[in-house]
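**Student:** got a predicted structure plus its sequence, pasted below:
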Amino acid sequence: MPYEWLPPSGDNRRLHLWPYRSLPRRGMVWFLGGTAIFIAVPLLGLIGSPMLWGLLPFLLATIAGIWWALERSFRDAEIVEDLTLTRDQITLTRHGPRGKRQDWQANPHWVRLTLHATGGPVPQYLTMKGEGREVELGAFLTAEERRQLCDEISTFLRARQ
């Protein structure tokens with residue numbers, strides 16, 4: 001699961017959420033290497049021919065384009081959400097791509113946790129509302145993970161009231 005409850009410190013609970021990565025960095029290197037090899041094999045018959053020099057820039061641009069797209073995907077997925085639950089306060093800190101940071105906090109007694117089955121940008125859209133502001137939680141999780149997370153946070157909130 002791309003989220004984990006960190007060990008509690010006293011009465012405080014902390015949740016750490018991150019997007020799932022189907023292709024790790026090591027896999028990216030293997031993919032780029034394999035792609036380069038598959039592109040190079042047909043070129044072996046063109047060694048010594050002027051056609052090789054005509055095709056080579058386009059093939060290198062293809063490899064560079066794939067590398068750039070994968071790097072961009074990795075940078076855009078550098079999202080981490082930290083939810084801290086204490087008796088007196090809930091704090092959500094979202095560290096987004098390129099260092100963007102967003103904070104939200106509210107009194108847990110007045111927080112309303114809502115799982116929108118439809119109508120959100122994703123199925124089973126999970127939001128928390130408090131202090132006059134509504135924030136999303138774990139939009140990058142699967143629908144089942146958001147349902148399970150909603151149950152876990154609801155259990156915590158009920159225990160605090």
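**Tutor:** Arrived safely, thanks for sending.
**Student:** chain neighbours aside, what residue packs nearest to the residue nearest the centre of the chain?
**Tutor:** In the chain, the residue lying closest to the centroid (Cα atoms, centre = their mean) is Pro19, at 2.4 Å. If the residues on either side of it in the chain are set aside, Pro19 comes closest to Phe140, at 4.0 Å by Cβ to Cβ, 6 or more residues apart in numbering. Every residue, glycine included, has its C-beta placed from N, CA and C.
**Student:** got a list of what the residue nearest to the centre of the chain touches?
**Tutor:** Going by Cβ atoms under 8 Å, 6 or more residues apart in numbering, Pro19 touches Pro2, Ala77, Ile79, Phe140.
**Student:** what do you get for Thr114?
**Tutor:** Applying Cβ under 8 Å, 6+ apart, the residues contacting Thr114 are Leu126, Thr127, Met128, Lys129.
**Student:** in strands, which of the residues you listed fall?
**Tutor:** Secondary structure from DSSP state E places Leu126, Thr127, Met128, Lys129 of these in strands.
**Student:** using CSV, lay out those residues together with distance to Arg87.
**Tutor:** Formatted as CSV, those follow (distance: Cβ to Cβ, whole Å):
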residue, distance to Arg87
Leu126, 22
Thr127, 22
Met128, 17
Lys129, 20
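**Student:** which of these are buried? Put it as a PyMOL command.
**Tutor:** This is the PyMOL syntax for the buried subset of the ones in strands among the contacts of Thr114, where burial follows 16 or more other Cβ atoms under 10 Å:
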select buried, resi 126+127+128
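**Student:** closest to Phe156 out of the ones in strands among the contacts of Thr114?
**Tutor:** Met128 (11.9 Å; Cβ to Cβ).
**Student:** can you give me the distance of Leu157 to Thr35?
**Tutor:** Shown here: Leu157 relative to Thr35, a distance of 48 Å by Cβ to Cβ, to the nearest Å.
**Student:** more crowded one of these two?
**Tutor:** Leu157 (17 against 14; other Cβ atoms under 10 Å).
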